[in-house]
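Undergrad: Sequence and predicted structure, then a few things I'm wondering about:
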Amino acid sequence: MIVKAYSKSIHLEAMEMLLKRLSVDHPIYSKISNQIGTTRAGDIGEEMVFRELEKMKLPFKYYVFHKLLLFAENAFELDILLITPFGAIILEVKNFSGILEFTGNPSQIIQHKESGEINKYPCPAAQLNEYKYQLLQFFNDQNIPIPIYGAVVFASRKSFVKITSDKAEILYRNEVSPFLRKFQKLKPTLTEEDMEKIKDILLQKNTPFAYFPLSKHFSIQSEDIIRGVECNRCGYLGMQKRNRTWYCPSCRKNDSSAYKNTITSYFLLCKDSITNKECRDFLLLSNRHEAKRILANSNLIKTGNNKSTIYKIKHSL
Ligand SMILES: [Zn+2]
């Protein structure tokens, strides 16, 4: 049963918002641009594997979660997690095409693309083992004894593992179901009630907002973030407030709700709370009554009164 369905990563969306608001010569611009490419490819791989899991029928009860961000010794993010009567199973998904070689000491993976391009990445087997360790700590903190298993899954049909790793189970996408079916040979260690309890804890402890705001995550000064309301037709930053609408001086579009995405950008990029003044600064707005109206219409949690009023975002962004 799918408990937490596949969804596009909000982290990716936030990085795209950030890139639009950084000048191209900012020292971190190319790093973020590269990360967007890797995350986008990763998302596609996870979606492919997740679709297989949706079609799959296993001979035992199981729960599937896409993308859980949890805390143990540090924050860790699991691509796909299954809870079964036999324990927890982590699937660490990679969407690498080409010839792949695992190396040891130091552990990494080398990708030889058809184009001749060679890339190296952190070893997914070592990554998986770290997540298994973190998840074990997480369950220890909750007083839940549970065996933890896992596999690295290569999602792309264009991936060819030439040198494998003995540090973890390495699978192609079509091997996921047979791998999971093998667990029924083990002795169950969790009852249905245990599984139910674990499911609730995982959903409750999932904190997708731990990455944000991104300026903190990437150590970017807030003044380096370009301000202004974004035009959703041409991407121009700095739409002007005119009567009841926002006007784009670049493409001349009027859009009365243009500020909404910009408020979301503020929370994902700058800070987890906003005051009237911060709103005016970010939206390049001079009128405090306008800012007040905008904040009141943005579905935020309001605390304090008058000048000390601050607004926070609700978790269902
Ligand atoms: Zn425009």
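TA: In hand now; what should we look at?
Undergrad: buried set for stretch 192-201?
TA: Asp194, Met195, Ile198, Lys199 (16 or more other Cβ atoms under 10 Å). To be clear about C-beta, it is placed using only N, CA and C from the backbone, and glycine gets the same treatment.
Undergrad: go on, stretch 300-311?
TA: So, applying 16+ other Cβ under 10 Å, buried residues of stretch 300-311: Leu300, Ile310, Tyr311.
Undergrad: which ones are touching the second one?
TA: Which is Ile310. Applying Cβ atoms under 8 Å, 6 or more residues apart in numbering to Ile310 gives the contacts Ser273, Ile274, Thr275, Lys302, Thr303, Gly304.
Undergrad: Walk me through the domains of the chain.
TA: Domain ranges of the chain: 2-211, 227-313, per automatic domain parsing.
Undergrad: and those domains as TSV, adding mean pLDDT and distance to Ile220?
TA: Shown next, in TSV, are those (pLDDT from 0 to 100; distance: least, Cβ to Cβ, whole Å):
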stretch	mean pLDDT	distance to Ile220
domain 2-211	94	6
domain 227-313	94	8
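Undergrad: Tell me the buried residues in stretch 283-298?
TA: For stretch 283-298, using 16+ other Cβ under 10 Å, the buried residues are Leu283, Leu285, Glu290, Ala291, Ile294, Leu295, Ser298.
Undergrad: how distant is that stretch from the center of its chain?
TA: 30 Å (Cα atoms, centre = their mean, to the nearest Å).
Undergrad: could I have it exported to PDB, CA atoms only?
TA: Written as PDB, here are the backbone C-alpha positions of stretch 283-298 (Å, rounded to 0.1, in the frame of the first residue of the first chain):
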ATOM      1  CA  LEU A 283       8.000  42.800  -3.000                       C
ATOM      2  CA  LEU A 284       9.500  46.300  -3.600                       C
ATOM      3  CA  LEU A 285       6.300  47.800  -2.200                       C
ATOM      4  CA  SER A 286       6.000  51.200  -0.500                       C
ATOM      5  CA  ASN A 287       2.600  51.000   1.100                       C
ATOM      6  CA  ARG A 288       2.300  49.200   4.400                       C
ATOM      7  CA  HIS A 289      -1.500  48.800   4.100                       C
ATOM      8  CA  GLU A 290      -1.000  47.000   0.800                       C
ATOM      9  CA  ALA A 291       1.600  44.700   2.400                       C
ATOM     10  CA  LYS A 292      -0.800  44.100   5.300                       C
ATOM     11  CA  ARG A 293      -3.600  43.100   2.800                       C
ATOM     12  CA  ILE A 294      -1.200  40.800   0.900                       C
ATOM     13  CA  LEU A 295       0.000  39.000   4.000                       C
ATOM     14  CA  ALA A 296      -3.600  38.600   5.300                       C
ATOM     15  CA  ASN A 297      -4.500  37.000   1.900                       C
ATOM     16  CA  SER A 298      -1.500  34.600   1.800                       C
END
